[in-house]
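A.B. asks: I'll drop the sequence and a predicted model, then ask my questions.
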Amino acid sequence: MLTEYWDSKPETRNSRLLLMKRSHSYKRADRVSELVRHEISTILLRDVKDPRIETVTVTRVKITDDLRSARVYFGVLNKTTQVEEIESALQQASSFIHKLMARRLRLKNTPKLVFEFDRNLDYSYRISEILQSIGDEEE
């Protein structure tokens, strides 16, 4: 097979090299973080029964390269709720979420979860409010 690869036309060989480079363009941690984000969202939606966590949305997950710890960023749909209360509820539920993730994902090491409020959502919400008020003033 190796001789076929090197004996092939240069155009085909170059396209194969590009294809090989593209398949490894994402780190494993990035791929696993997307899996973990999806699984945590599903667990929060279906399995966790805490009423404080009903309005939580998982925005992104950052996993270390060794896949041992994950920082889970979340947003809150209802602006009247206390973020600290929700964050403590998520930390209390983290062992339950970790156990369900370990069963479902079947990774060698299931990452330890640390929940953190995503301040980018508040920042973008504030910017959209400012732009909305500017648009209202111009009319």
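C.D. replies: Noted; the coordinates are in hand. Numbering: from 1, shown residues only.
A.B. asks: please make it C-alpha for all contacts and neighbour counts, starting now.
C.D. replies: Will do.
A.B. asks: for Ala127, phi and psi?
C.D. replies: Not quite, residue 127 is Ile, not Ala. phi -60, psi -40 (degrees, to the nearest 10).
A.B. asks: please read the previous query as pertaining to Arg60.
C.D. replies: Dihedral angles (degrees, to the nearest 10) for Arg60: phi -160, psi 160.
A.B. asks: which residues does it contact?
C.D. replies: When contacts are counted by Cα atoms under 8 Å, 6 or more residues apart in numbering, Arg60 touches 34, 37, 72-74.
A.B. asks: and the next helix or strand past the helix or strand harbouring Val58?
C.D. replies: Following DSSP states H and E, one finds Val58 within strand 56-63. Counting by DSSP H and E, the element after strand 56-63 in chain order, helix or strand, is strand 69-76.
A.B. asks: ok now that following strand, how far from the chain's centre?
C.D. replies: Computed by Cα atoms, centre = their mean, to the nearest Å, the chain-centroid distance of strand 69-76 equals 7 Å.
A.B. asks: same thing with stretch 101-113?
C.D. replies: Using Cα atoms, centre = their mean, the offset of stretch 101-113 from its chain centre is 14 Å.
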